[in-house]
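J.: Next input, structure requested:
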Amino acid sequence: TYDKPQQYATGMIHVFVNGEQVLLDGEHTGAQPGRVVRGPGWKGSNARKSEAKSGALTARIQELQQESGIVGLGAAVVDQEGIEYVHGFGFADKDRQLPYTENSIQNIASISKTFIGMSLLKAQELGMLDLDDPLNKYLPFKVVNPKYPDQEITLRQLSCHTSSIRDTEVYDQRSYVLKETMPQEDREKLEAYENLNNPEDAIPMEEFFRRVLIPDGPWYSEDAYLESSPGTKFEYSNVAAALTAYALERATQTDYMQFTKKHILEPLQMKSSGWSFDQVNLEKHSILYDENQNPFPLYRLITYPDGGLICSVSDLGKYLSELIRGYSGSGTILTQESYKELFQGQLADSFFEERDAENPYNDEYDMGIFMGLSGTGNIGHTGGDPGVSTFMFFNKESLTGQIVFLNTSLNQGSFDSFVKIWNILEEYRS
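T.: Numbers count the residues shown, from 1 in each chain. This next block holds a predicted model:
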């Protein structure tokens, strides 16, 4: 019977299997000429062990999340075959007790920049640009470091943060825009509320660059450019990243949102992902929280390519799996040649005042094409915005990777809990 599969059938006196007698006068002869046929619900010992291991992982992370001050988080472990483990913890909406799941969505901050790198290389494959082209070839206005007026800034320099463009305080003050106007009394309750502008203050991305990077622009500062010449020093820049995506729009004559949708999101079946509120299901969008668990209102970025992709940990798992395949030579979004360039380090010691080779997840030790390369063989990117902390890396030796999304700004206590969670995921995939 189903309940007692080891019990012999009654009423049977003689049974033959493959011509060999296995039941004689109702007694088993000891012969076993057949084979077991497994049903669809059967799980082998390896599957059962993996399931138990996943269950233990879930329990450990859940315990840490509950004591961490992190309202909600998503975690995934992937390899080049796909997602090996994915789970959500805590709440996407604490007040309504809505759980944070693997399908909850949120903006992923600077991990978004890696999509600029992928898009640049796809456009290069299509013959629409070259990484060594001067930036100004594609702009309707001129961007040049005024200390070096005769030196062109190239797309490659932008892609590895050596363009000499630097973020000023204007980036934080002007780039973040609320989805809906917020009363002043509510704004004052929030940490960093001064960085969230009302919708009526939003301007087009092109106008943002004109105001910030051109000397006669109203938001221009001499600090917008380094004292060093283009191509000589590393300076991480959100403005430079978004400017690259804008140049790509001009080169391809295609809106950046549509370009990434066609060449990355749709081929990878990242169906929950998008760059704007009208491209995603807002019912799945997590509330974001400050470090004291106060909710942030929904916001977007004028310079959205540098940090504004909205997606779930499940969707980003598909993307990370493709990156691993690309590194190992079996990717489908880019050619092998393009993937090789994506992951090729561009920087030397001379680009830095100091360089941390020991931190295994230092995404600024070296840069590919908007792709962080640590000194210990981990590849990926981190991200941080109001109410957002995100981490995505894979190891080039094991060809396995992991992702963590947090919907809460980190303080020291919650950061320590995050590190423990990250290390547990690393143990799981080792």
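J.: Dihedrals phi and psi, residue 172?
T.: phi -70, psi -30 (degrees, to the nearest 10).
J.: got a pLDDT number for it?
T.: Looking at residue 172, its pLDDT is 93.
J.: I figured it hits residue 195, correct?
T.: Yes. The pair residue 172 and residue 195 passes the contact test of C-beta atoms under 8 Å, sitting 5.1 Å apart. The way it works is simple: take the backbone N, C-alpha and C, and place the C-beta from them, glycine included.
J.: The two: which is more packed in?
T.: Remark: of residue 172 and residue 195, residue 195 carries more neighbours, 17 against 14, as counted by other C-beta atoms under 10 Å.
J.: Let's verify the nearest residue to residue 200 once chain neighbours are set aside: helix, strand, or coil?
T.: Leaving out its chain neighbours, the residue that sits closest to residue 200 by C-beta to C-beta, 6 or more residues apart in numbering is residue 181, at 7.3 Å. With DSSP: H, G, I helix; E, B strand; the rest coil as the basis, residue 181 sits in coil.
J.: Please shift the residue numbers so they start at 50 in all later answers.
T.: Yes, from this point I'll number from 50; that puts the last item at residue 230.
J.: Next, the contact list for residue 230, please.
T.: Residues in contact with residue 230, defined by C-beta atoms under 8 Å, 6 or more residues apart in numbering, are 247-249.
J.: which of those residues lies closest to residue 382?
T.: residue 248 (34.0 Å; C-beta to C-beta).
J.: Need the three-state assignment for the spatially most central residue of the chain.
T.: Nearest to the mean C-alpha position of the chain, by C-alpha atoms, centre = their mean, lies residue 160 at 4.5 Å. Classification of residue 160 using three-state DSSP returns helix.
J.: Distance-wise, check it relative to residue 459.
T.: Remark: distance between residue 160 and residue 459 (C-beta to C-beta, to the nearest Å) = 16 Å.
J.: again, but for residue 143
T.: In this view, residue 143 and residue 459 are 17 Å apart by C-beta to C-beta.
J.: cool, residue 295 as well?
T.: For residue 295, the distance to residue 459 (C-beta to C-beta) stands at 30 Å.
J.: now do residue 332
T.: Using C-beta to C-beta, one gets 26 Å for the distance from residue 332 to residue 459.
J.: With neighbour numbers in mind, choose between those two.
T.: Neighbour tally, residue 332 and residue 459, criterion other C-beta under 10 Å: the higher count belongs to residue 459, 18 against 7.
J.: residue contacts, that one?
T.: With contact set as C-beta under 8 Å, 6+ apart, residue 459 has these partners: 119, 340, 433, 438, 467.
J.: Quick check: the two most widely separated of those?
T.: 119 and 433, at 13.7 Å, using C-beta to C-beta across these.
J.: Which of the two has more residues huddled nearby?
T.: Legend: neighbour count by other C-beta under 10 Å for residue 119 and residue 433, higher for residue 119 (29 against 15).
J.: and residue 386, that one's in a helix?
T.: Yes. Assessed with three-state DSSP, residue 386 lies in a helix.
J.: Count the residues that sit near it.
T.: 11.
J.: Could you identify the longest strand within this protein?
T.: strand 131-142 (DSSP state E).
J.: Partner strands of it, with direction?
T.: Paired neighbours of strand 131-142 in the sheet (DSSP bridges): strand 121-128 (antiparallel), strand 147-148 (antiparallel).
J.: same question for the next helix-or-strand element following the last one, mean pLDDT?
T.: For strand 147-148, the succeeding helix or strand toward the C-terminus, using DSSP states H and E, is strand 154-156. Model confidence over strand 154-156, given as mean pLDDT, is 98.
J.: just stretch 454-474 next, same as before
T.: Here the average pLDDT along stretch 454-474 is 96.
J.: same thing with stretch 260-267?
T.: Rounded mean pLDDT across stretch 260-267 is 97.
J.: How far does that stretch stretch from one end to the other?
T.: Terminal residues of stretch 260-267 are spaced 5 Å apart (C-alpha to C-alpha, to the nearest Å).
J.: Give me the contacts around it.
T.: When contacts are defined by C-beta under 8 Å, 6+ apart, stretch 260-267 is touched by residues 190-192, 195, 214, 217, 219-220, 223, 252, 259, 268-269, 273, 288, 292.
J.: For those, work out which two are farthest apart.
T.: Among the contacts of stretch 260-267, 195 and 252 lie farthest apart (C-beta to C-beta), at 23.0 Å.
J.: how about the helices of the stretch 150-299 of the chain, start to end?
T.: 162-174, 204-208, 218-223, 233-236, 254-262, 287-301 (DSSP state H, counting those that start in this stretch).
J.: Could you name the helices and strands sitting against the first one?
T.: It refers to helix 162-174. Packing contacts for helix 162-174, counted by 3 or more C-beta pairs under 8 Å, 6 or more residues apart in numbering; DSSP states H and E, involve helix 204-208, helix 287-301, helix 305-309, helix 385-391, strand 427-434.
J.: Let me have these in TSV, extended by mean pLDDT and distance to residue 316.
T.: Shown next, in TSV, are those (pLDDT from 0 to 100; distance: least, C-beta to C-beta, whole Å):
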stretch	mean pLDDT	distance to residue 316
helix 204-208	98	22
helix 287-301	98	17
helix 305-309	98	11
helix 385-391	98	14
strand 427-434	97	20
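J.: Measure how far whichever helix in the chain runs longest is from the centre of its chain, please.
T.: Ranked by residue count, the top helix of the chain under DSSP state H comes out as helix 94-115. On the basis of C-alpha atoms, centre = their mean, to the nearest Å, helix 94-115 sits 23 Å off its chain's mean C-alpha point.
J.: Same question for stretch 271-283.
T.: With C-alpha atoms, centre = their mean as the basis, stretch 271-283 stands 28 Å off its chain's centre.
J.: residues of it that come out buried?
T.: The neighbour-count check on stretch 271-283 (16 or more other C-beta atoms under 10 Å) flags 273-275, 277-280, 282-283 as buried.
J.: Return the member of those nearest to residue 429.
T.: Comparing those against residue 429 with C-beta to C-beta places residue 283 closest, at 17.6 Å.
J.: Just give the nearest non-adjacent residue to that closest one, would you?
T.: Per C-beta to C-beta, 6+ apart, closest to residue 283 is residue 400, 4.3 Å.
J.: and the one you found, what does it touch?
T.: 211, 281-283.
J.: what do you get for residue 447?
T.: 478-479.
J.: now swap in residue 130 and tell me
T.: Contacts of residue 130 (C-beta under 8 Å, 6+ apart): residue 370.
J.: For it, give its distance to residue 374.
T.: Applying C-beta to C-beta, the value for residue 130 to residue 374 is 9 Å.
J.: Out of the contacts of residue 230, which end up buried?
T.: The buried subset of those (16+ other C-beta under 10 Å) is empty.
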